[in-house]
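Asker: just the structure for this:
(chains A and B)
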Amino acid sequence: SQTIHQWPATLVQPVGSPLSLECTVEGTSNPNLYWYRQAAGRGLQLLFYSVGIGQISSEVPQNLSASRPQDRQFILSSKKLLLSDSGFYLCAWSAGAGTEAFFGQGTRLTVV
Amino acid sequence: GESVGLHLPTLSVQEGDNSIINCAYSNSASDYFIWYKQESGKGPQFIIDIRSNMDKRQGQRVTVLLNKTVKHLSLQIAATQPGDSAVYFCAENRNDYKLSFGAGTTVTVRA
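Answerer: Numbering: from 1, shown residues only, chains lettered A, B, ... in the order given. Take a look at the predicted model:
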């Protein structure tokens, strides 16, 4: 069966510090991978998605970047965090267009 | 921007009653819809999906209805239980790899 791992679960970082959140998927090949952000009490905003190694699509201009160095690894990064980067970050995978997405357990990021 | 929205941000329901959560979408090209359940501090969990060539689909205690004429989607939960308390999201896909989410409805089950 397929599983998705996302870590860390919580993170407190000072303003201006770098960020690296990692997500890996097991049990499937060539998944579509996604990073979402969820502000408190809000819906999910798509940040990035990837349909293959090295292929990254950005949905909104922001202080973050994403990379996919391996087929089942998706990384969310920032060189310098802003207070507004605080939120709940979710990684997800799907088998293709028009299929359901499966989510990791999320990372609660607090920038102080 | 988002093309999917929910009618009500909160819903309070008596344990044992049926729940109905509504969602409206604006893009007539959308062809795949999903309902997710999110418990506090966790990632969303898939509940049920429906494609645009259907108007009803049933799962265990849940039913999704799709009305393409008015671009409306609903999730019905039968015999609501305390474990059903969560935030429920509808999501839309236009066969382009991206899921767009609504803002969510918080369901609270009263004992």
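Asker: what's opposite B:Ile48 in the beta bridge?
Answerer: B:Trp35 (DSSP bridges).
Asker: isn't it up against B:Gln60?
Answerer: No - using C-beta atoms under 8 Å, B:Ile48 is not in contact with B:Gln60, being 9.1 Å away. C-beta coordinates here come from the backbone N, C-alpha and C atoms, glycine included.
Asker: more neighbours, the two?
Answerer: Neighbour count, other C-beta atoms under 10 Å in any protein chain shown: between B:Ile48 and B:Gln60, B:Ile48 has more, with 18 against 7.
Asker: what sits against the more buried one?
Answerer: Counting by C-beta atoms under 8 Å, 6 or more residues apart in numbering or on different chains, B:Ile48 touches B:34-35, B:57, B:59, B:62, B:64, B:75.
Asker: just the buried ones from those?
Answerer: B:34-35, B:62, B:64, B:75 (16 or more other C-beta atoms under 10 Å in any protein chain shown).
Asker: just name the closest of the residues you listed to chain A, please.
Answerer: Among these, B:Ile34 lies closest to chain A (C-beta to the nearest C-beta), at 5.4 Å.
Asker: from A:Phe48, how far out is that closest one?
Answerer: Going from B:Ile34 to A:Phe48 by C-beta to C-beta, to the nearest Å gives 20 Å.
Asker: ok, now B:Cys90?
Answerer: 22 Å.
Asker: circling back: mind checking which of the contacts of B:Ile48 are in helices?
Answerer: With helices identified by DSSP state H, none of the entries of those belong to them.
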